[in-house]
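*Asks:* I would like the atomic coordinates for the input below:
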Amino acid sequence: MSIVLTLNLPEAAASFLSRRAAAEHRPLAEVVEAILLREQALEAEANRPVSLVAAPELAGARPELLRDEDETEAEFAARQRGFNALLGLP
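*Replies:* Got it, this is the predicted structure:
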């Protein structure tokens, strides 16, 4: 199913889309659709769960996160929370 959509774009954006369509010998609507589909794929990839697989001999190990030289206490604490979440640690 398709819907009719009217876009009010800045001249530079409209010109970019027109040049792209002409260069690819495609209708403007196809170029816009391809860009939107690419954005949807990027969003889906960004929201994909991350899986971490560790060697069995590391089960129960508590790895140490090293602090960067110029990292503040708050930055390190935030990174530590993310690291622990990634490893499933409390």
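
*Asks:* Show me which residues of whichever strand or helix holds Leu17 are buried.
*Replies:* Leu17 is part of helix 11-24 when elements are defined by DSSP states H and E. For helix 11-24, a neighbour-count test (16 or more other C-beta atoms under 10 Å) marks 17, 21 as buried. The way it works is simple: take the backbone N, C-alpha and C, and place the C-beta from them, glycine included.

*Asks:* and for that helix, what are the contacting residues?
*Replies:* 9, 27-28, 30-32 (C-beta atoms under 8 Å, 6 or more residues apart in numbering).

*Asks:* next SSE after that helix?
*Replies:* Scanning forward in sequence from helix 11-24 by DSSP H and E, the next helix or strand is helix 28-46.

*Asks:* That next one: which residues count as buried?
*Replies:* Of all the residues in helix 28-46, those buried under the rule 16+ other C-beta under 10 Å are 31-32.

*Asks:* and the next helix or strand after that helix, how far out from the chain's middle?
*Replies:* Following helix 28-46 in sequence order, the next helix or strand is helix 73-87 (DSSP H and E). Helix 73-87 sits 20 Å away from the centroid of its parent chain (C-alpha atoms, centre = their mean, to the nearest Å).

*Asks:* Excluding chain neighbours, give the residue nearest to Phe76 in space.
*Replies:* Using C-beta to C-beta, 6 or more residues apart in numbering and skipping residues adjacent in sequence, the residue nearest Phe76 is Arg67, 5.0 Å away.

*Asks:* For that neighbour, give its distance to Gly88.
*Replies:* According to C-beta to C-beta, to the nearest Å, Arg67 and Gly88 sit 22 Å apart.

*Asks:* what's next to stretch 83-90, contact-wise?
*Replies:* Stretch 83-90 has contacts (C-beta under 8 Å, 6+ apart) with 50, 52, 62-63, 65.

*Asks:* Taking these together, which two end up most distant?
*Replies:* Greatest spatial distance among those (C-beta to C-beta): Val50 and Arg62, at 20.0 Å.

*Asks:* More neighbours: which of these two?
*Replies:* Applying other C-beta atoms under 10 Å to Val50 and Arg62 shows that Arg62 carries more neighbours, namely 8 against 5.
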